[in-house]
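>>> I need the structure of the sequence given here:
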Amino acid sequence: MVVMMATTTTMITTTTTTTMITTTMMMMIIRMIIIIMMMMMMMMMMMKKKKDDDNDDDDDDDDDNDDNDDAEEDDENNVMIMVLAHSDN
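Coordinates of the predicted model:
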């Protein structure tokens, strides 16, 4: 009787620790997947923006437009930094 109680308690403790480990691993994996998806979305947006900028450059040859493009790129970088900092928490 005592042996059976001891084995059941050890089994219960091992199962709880394994479930805790598996849940933490699943949370870490889900978190990594979310971060990777956000990075991919950012890359896609940057690529799309770059293509649009290239098309715009072909249409008009004004030198006044260059300063405006730099400001837009700075805004994009700030947004990306904010998103990455937010996803880390």
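
>>> how about low-confidence regions in the chain?
1-11, 52-89 (pLDDT under 70).

>>> Repeat the analysis, applying 80 as the threshold.
Low-confidence segments of the chain (pLDDT under 80): 1-22, 50-89.

>>> count of neighbours near Ile35?
14 (other Cβ atoms under 10 Å). All C-beta atoms are positioned from the backbone trio N, CA, C, and that covers glycine.

>>> Using the three-state scheme, assign it.
Judged by DSSP: H, G, I helix; E, B strand; the rest coil, the three-state class of Ile35 is helix.

>>> Tell me the spacing between it and Thr13.
For Ile35, the distance to Thr13 (Cβ to Cβ, to the nearest Å) stands at 33 Å.

>>> what about Thr24, how many neighbours?
Using other Cβ under 10 Å, Thr24 has 10 other residues around it.

>>> list the contacts for it?
Contact criterion Cβ atoms under 8 Å, 6 or more residues apart in numbering gives no residues in contact with Thr24.

>>> Can you tell me the element it falls in?
helix 2-59 (DSSP states H and E).

>>> how near is Thr15 to Met40?
In terms of Cβ to Cβ, Thr15 sits 37 Å off from Met40.

>>> would you put the C-alpha positions of stretch 39-51 in CSV?
Extracted as CSV, the C-alpha positions of stretch 39-51 are listed here (Å, rounded to 0.1, in the frame of the first residue of the first chain):
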residue,chain,number,x,y,z
MET,A,39,9.7,40.6,-39.0
MET,A,40,8.4,39.1,-42.3
MET,A,41,5.6,41.6,-42.5
MET,A,42,8.0,44.4,-41.9
MET,A,43,10.3,43.1,-44.6
MET,A,44,7.4,42.8,-47.0
MET,A,45,6.2,46.3,-46.3
MET,A,46,9.8,47.7,-46.7
MET,A,47,10.2,45.8,-50.1
LYS,A,48,6.8,47.1,-51.3
LYS,A,49,7.7,50.7,-50.2
LYS,A,50,11.1,50.4,-51.9
LYS,A,51,9.4,49.3,-55.2
